[in-house]
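Novice: coordinates for the following, if possible.
(2 chains)
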Amino acid sequence: MSRNRGNMTVTQPAEHPLLQVQGLTVGFRRGGQWNDVVRDMGFSVGGGETLAIVGESGSGKSVTSMALMQLLPRDNARISGQALFRGTDLLQLDERQIERIRGDRISMIFQEPMTSLNPVMTIGAQIAESILTHRRVTRAEARAEALAMMDRVRIPSARSRYDDFPHQFSGGMRQRVMIAAALACQPDLLIADEPTTALDVTIQAQVLDLIKELQAESGMGVIFITHDMGVVAEVSDRTLVMYHGDVVEAGTTGQIFRQPARTYTSALLSAVPRLGSMTGNAAPLPYPVFDIDSGKLREPAPRPDTLREDAPCLLEVSDLSKRFTVQSKLLKRTIARVHAVEGVSFTLRQGETLSIVGESGCGKSTTGKLITGLHPRDEGRVLLAGRELGDIPAAERAHDIQMIFQDPYASLNPRLRVGEAITEPLRIHGKASDAERREIAASLLTRVGLLPDMAGRYPHEFSGGQRQRICVARALVMKPKVIVADEAVSALDVTMKTQVVNLMMDLQQDMGLGFVFISHDMAVVERISHRIAVMYLGEIVEIGPRAAIFGNPRHPYTQRLLGAVPVPDPARRHQRGAVAVTELRSPVRPPDYCRPDRRYLEISDGHFVLDTGEDWQ
Amino acid sequence: MGWFVRRVIQSLFMLWVVVSLVFLSIHFVPGDPAELLLSQDGGAPDPLMVEMLREQLGLNRPLVEQYAHNVAGIMRGDLGTSMVDGSSVSAEVMRRLPRTLELIAAAGILSLLIGIPAGVLSALRPRGRFSRGAALAAGTAQSVPVFVLGTLLVILFAQVLGWLPAGGFTPFSRDPGKHLQLLILPAATIAIGLSAIVFRITRASMLDVLPLDFIRTARAKGVPARRVVIRHALRNALMPVITVFALQLGGLLAGTVLVETVFNWPGLSGMLVAGVNARDYPVVTGVLVVVSAFYIGLNLLVDIIYGITDPRVRK
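Specialist: Residues are numbered from 1 along each chain as shown, chains lettered A, B, ... in the order given. Next up is the predicted model:
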């Protein structure tokens, strides 16, 4: 027990909240000027209560938590206001005093479990470190307590994994380690900053369940920082909505979801992809657009289906396979193979959107790279507009198929003006003069909803959503027939996400494009797709029309995937069943592994499910 | 363990390549060693003398046989005899090697003691007064050639202040105090330049590590600032420092020649230079092989240290 803890266990009257924040203002110094990024913020959290702070990137939600814990650089950040934690103002404490509270009375977990653990310390030591820092215990006692914590967060065979290093753990398990380290001293308050954002949806469900269970056991308060309204509805009692550094709305979660008082909240909620919102619609439908001026939702006008059943297939993929060999270092012997893509077949018609969904490592991105010819394939045929992909010269292939990538920050060259970036394919293939290229860039920028004179700017002058529009424009410049969008909207804030999805659907309407939409986000997929293929361990386990996959999922994995998606409706919170602790299995197989003969069962017209047999018993 | 065995085998292979390269380069440079040795005073040497010398040195035997003889000798630890005075090269190397190693070790420890703390402090406040001063000092230290630096130190500490002797060597067994006194100036001369490098790498590497997420995690756990810096940041930042430091040390083994000359320190470099000047091939070969062996050994050591500090390397 730390000395600190002794003074602090004075019982507070029940009406006193655990943490009461008033007038919190945080400013950063940038080039000699102070910029306030959080203004006059106030909230309170009680024991056993969960407060969600939601907002899009740049809203100041993470800065708030960092400021409370005094984790911001002292010479570049200016913090004012009051944050009473059990009667002590956190903001007035010096470094020594706040160190005694951090990790002991108030703990934090962060977004990136992959980078938030020290790579050169064993995970056991990192959990025990929390205990050793705050309690006067021997190493052996700390070890015993850390092991008990690992059991509590349900890390399987804790004893044998105590001395493992972080790189030997999966993302979900690392987040469990983070939680174990954070909760090792039984804190009164846990601040969880986007703890599940980087995780796969089934793993996210497990981690959310775990936090809720531990909260119920210990009665701690939780501040849950997230951008995901689905997660908010799932976990929080009260919710605080932030926008550009201001609190725009606060209230109970039920109330905020039922009748938001502010237009921004309505806009945010309307932008949240909801699973099941498409039931009854045969064709994909753009998102309703929220009109800030009138405060009303504008439903999309009915539109003809873009799918051309009679036209020849744009893309025919059959028995596509890709294996990456794992070699021993010295003798270069093959010791294993990663079966990234196994016997994948599908077709894509003009004006059709086929979504490939699955969790990390399922082979969906590799499939995208194989059908665009970015990776050589091991087996299978890819017919692009009736011609074998390998026989099409690269210059012509660029006219047929283009790709959009996940990270709009990393996929634009920072030294290239966006006009040049968009028309670069034309320049490479010598298709247009300088003047023509400028004209094309201007018209494409207009086409994706930007201004023509933006062509002269550099990527850093644009927001994430705008950059993704630029990437879309670049994919369009060769007038392709097929666009492969690899997690193209996953990194965007919700409002940006709906805009880019709507843009893609408009383009499909006008140009008859075929999309292969690769995503892990089931709610977006439901909106945009005609057909869906679910991938698991390199194979398509289920494929069929959107309505069939969502309405009648047959494969156990599809069911698990759909069941894990958080529902953005607090009233339906407890409908999701308990999620078993499962890990995503690995597609690494011994070199002599031979894929068993696979058979697809036809459930209904065009709806096929892989007959996996005993694997799933 | 398999990883360790593989690295050792790799090192032995590298050593064999070096030995072969040294052997070949000596035999394929234009000019016959025996002829060159005898033609020192300008005129063409007597062919009979040359033939005798070739016979004596084994140069008239087939190349393969010479190579086998050479390799077999090295495996026995026999580096041949000097062409100049007929003394055993191995014995001479063994006598001089510890002196050079001692000089380098002293300089290395000194430079780590200066460079690492300076680098860490400067990374904690990269725009602070200390940081700017240290960067200036490091820049100066790196740009002054060692012989100038050595001479300046001799002038200051030996002539002006008279605190230390100007140069020379006394075996430790004869007079430990005197031995260490004589060690200080040459070691410091090397350490000043080396610590500037250690400082820069430590600083850059710490600046890379400090903003990482796991540092924030450690602070959020309430780990005291000093422990965050040393246990979490420095341990991750040390790997590039170890690599660069070891490469620098390896380079010093044959590169201390200027310092050894300035301070009259009878080390290995002096032997190499004398050997080259006298065209004493066995001496040159012997010193090169030993130096390479050390260089390779040092790299192996770095890899092992890497394996200990970074668990991701083992597998």
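Novice: burial count for the residue lying closest to A:Asp246 once chain neighbours are set aside?
Specialist: Closest residue in space to A:Asp246, ignoring its immediate chain neighbours: A:Arg39 at 5.5 Å, by C-beta to C-beta, 6 or more residues apart in numbering or on different chains. (Glycine included, C-beta is placed from N, CA and C.) A total of 17 residues lie near A:Arg39 under the criterion other C-beta atoms under 10 Å in any protein chain shown.
Novice: so what's A:Pro591 closest to, chain neighbours aside?
Specialist: Per C-beta to C-beta, 6+ apart, closest to A:Pro591 is A:Thr334, 4.9 Å.
Novice: nope, A:Gln175 is what I was after
Specialist: Leaving aside its chain neighbours, A:Gln175 sits nearest to A:Pro113 (4.1 Å; criterion: C-beta to C-beta, 6+ apart).
Novice: element containing the one you found?
Specialist: Assessed by DSSP states H and E, A:Pro113 sits outside every helix and strand.
Novice: now it: phi and psi?
Specialist: Recorded main-chain torsions at A:Pro113 are phi -70, psi -20, according to degrees, to the nearest 10.
Novice: hmm, A:Met178 and it touching each other?
Specialist: Yes - applying C-beta atoms under 8 Å, one finds A:Pro113 in contact with A:Met178, separated by 5.8 Å.
Novice: measure A:Ala410 to A:Val341 for me?
Specialist: Per C-beta to C-beta, to the nearest Å, A:Ala410 is found 24 Å from A:Val341.
Novice: distance of the closest residue to chain B within the stretch 151-300 of chain A from A:Gly124?
Specialist: At 4.3 Å from chain B, A:Phe165 is the closest residue in the stretch 151-300 of chain A, using C-beta to the nearest C-beta. Noted for A:Phe165: a distance of 10 Å to A:Gly124, by C-beta to C-beta.
Novice: higher neighbour count, those two?
Specialist: Each of A:Phe165 and A:Gly124 has its neighbours counted (other C-beta under 10 Å); A:Gly124 has more, 22 against 19.
Novice: could you find the closest non-adjacent residue to that one?
Specialist: A:Tyr162 is the one closest to A:Gly124 (C-beta to C-beta, 6+ apart), at 3.5 Å.
Novice: is the one you found in contact with A:Glu145, as I believe?
Specialist: No - A:Tyr162 lies out of contact with A:Glu145 (C-beta under 8 Å); the separation is 11.8 Å.
Novice: so the residue nearest to A:Pro591 sits against A:Phe324, correct?
Specialist: No - assessed by C-beta under 8 Å, A:Thr334 is found out of contact with A:Phe324, at 10.5 Å.
Novice: looking at the two, which one has more neighbours?
Specialist: A:Phe324 (16 against 13).
Novice: tell me the strands beside the host helix or strand of that one, with direction?
Specialist: Element membership for A:Phe324 (DSSP H and E) is strand A:315-327. Strand pairing for strand A:315-327, using DSSP bridges, gives strand A:334-348 (antiparallel), strand A:379-384 (antiparallel).
Novice: could you identify which of those strands is most buried?
Specialist: Neighbour counts (mean count of other C-beta atoms under 10 Å in any protein chain shown) averaged over each of the strands paired with strand A:315-327 peak at strand A:334-348, with a mean of 20.
Novice: dump that strand to PDB, restricted to CA.
Specialist: Below are the C-alpha coordinates for strand A:334-348, written out as PDB (Å, rounded to 0.1, in the frame of the first residue of the first chain):
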ATOM      1  CA  THR A 334      10.900 -23.400 -46.600                       C
ATOM      2  CA  ILE A 335       9.700 -24.000 -43.000                       C
ATOM      3  CA  ALA A 336       6.100 -22.900 -43.500                       C
ATOM      4  CA  ARG A 337       3.700 -21.200 -45.800                       C
ATOM      5  CA  VAL A 338       1.300 -18.400 -45.200                       C
ATOM      6  CA  HIS A 339      -1.800 -19.400 -47.100                       C
ATOM      7  CA  ALA A 340      -2.900 -15.800 -47.700                       C
ATOM      8  CA  VAL A 341      -5.400 -16.500 -50.400                       C
ATOM      9  CA  GLU A 342      -6.800 -20.000 -51.100                       C
ATOM     10  CA  GLY A 343      -9.000 -21.000 -54.000                       C
ATOM     11  CA  VAL A 344     -10.900 -17.700 -54.200                       C
ATOM     12  CA  SER A 345     -13.400 -17.300 -57.000                       C
ATOM     13  CA  PHE A 346     -15.900 -14.500 -57.800                       C
ATOM     14  CA  THR A 347     -17.200 -12.400 -60.600                       C
ATOM     15  CA  LEU A 348     -18.000  -8.700 -60.900                       C
END
